[in-house]
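Okay, sequence plus prediction incoming.
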Amino acid sequence: MKSTLSSAKAPFVQLLTARFLTLAVASAFGLTLASCASKPKPAPQPQKSQAFQMYEWNAELAAKTTAPASVVIYLDKQKAHFFKGRQQVGWTYVASGTASHPTPSGSFKVMEKTPDKISNLYGKLLDFDGNVVDGDFNISKDTLPEGYRFSPARMPLYMRLTSDGVGMHVGPIPKPGRAASHGCIRLPRFMAEKFFANVSVGTPVTIHATSPADGVAVAPTAAEKKKGLFSGS
């Protein structure tokens, strides 16, 4: 009798076991899907912005290279590039002349080197107490009022390029990439010191209105180097 009951219960137990296993597998699969669905996506990593670079100078290359120096300036990019032979030694942002006082483009040569040049045209208009009344005073065009005095602008490390006074020198660059001067090419002091120490009277300086399409600075050609002092356009 017992064996008959056991035989009768066997299919029922097997059925329960099968259903239990099916439910267990389904439950586990559901938990897995829930786990995958609820897994948070990794947050996007913020991109690090590159620090602004005002200039660059390779002192080692400058010291070991004996090739002749030259300077190339691109007015649209407001950048000057220093070469020795065909190798670029350094570059810097500059501030050239504004639309009302444009810097000429063309091929020039350094005509003069003066450590502490003083402008005979531009400067500040000061009142009796020494207060600045006009920070952009032109003594050749503006009338000096009685009781006021003219304080000429300093142009340290001046490297003359034209007979009418355009040159490279230390000066403020308020917004890198934008023109800001009366026609001269202003340089950061660090780079003005490097340029001044590495150029000589006669060093060719080529000023381009626009930069190459590929954006790569190119040393002046032999023809550009041979052009005279007054070949600006």
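Looks like it arrived, so ask away.

residues contacting residue 72?
80, 81, 83, 205, 206, 208, 217, 218, 219, 220 (C-beta atoms under 8 Å, 6 or more residues apart in numbering). Where C-beta positions appear, they are placed from N, C-alpha and C, glycine not excepted.

Can you tell me how far it is from residue 82?
Distance of residue 72 to residue 82, computed by C-beta to C-beta, to the nearest Å: 8 Å.

Can you list phi and psi of residue 195 for me?
Backbone geometry at residue 195, expressed as degrees, to the nearest 10, gives phi -60, psi -50.

That one against residue 187, yeah?
Yes - using C-beta atoms under 8 Å, residue 195 is in contact with residue 187, at 6.4 Å.

Quick one, which of the contacts of residue 72 are buried?
Among the contacts of residue 72, those scoring as buried are 80, 81, 83, 205, 206, 208, 217, 219, 220 (criterion: 16 or more other C-beta atoms under 10 Å).

Make JSON lines from those residues and add pLDDT, distance to residue 100 and secondary structure to it.
Output for the buried ones among the contacts of residue 72, formatted as JSON lines (pLDDT from 0 to 100; distance: C-beta to C-beta, whole Å; DSSP: H, G, I helix; E, B strand; the rest coil):
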{"residue": "80", "pLDDT": "98", "distance to residue 100": "22", "secondary structure": "strand"}
{"residue": "81", "pLDDT": "98", "distance to residue 100": "26", "secondary structure": "strand"}
{"residue": "83", "pLDDT": "98", "distance to residue 100": "31", "secondary structure": "strand"}
{"residue": "205", "pLDDT": "98", "distance to residue 100": "23", "secondary structure": "strand"}
{"residue": "206", "pLDDT": "98", "distance to residue 100": "24", "secondary structure": "strand"}
{"residue": "208", "pLDDT": "98", "distance to residue 100": "21", "secondary structure": "strand"}
{"residue": "217", "pLDDT": "94", "distance to residue 100": "27", "secondary structure": "coil"}
{"residue": "219", "pLDDT": "92", "distance to residue 100": "31", "secondary structure": "coil"}
{"residue": "220", "pLDDT": "87", "distance to residue 100": "28", "secondary structure": "coil"}
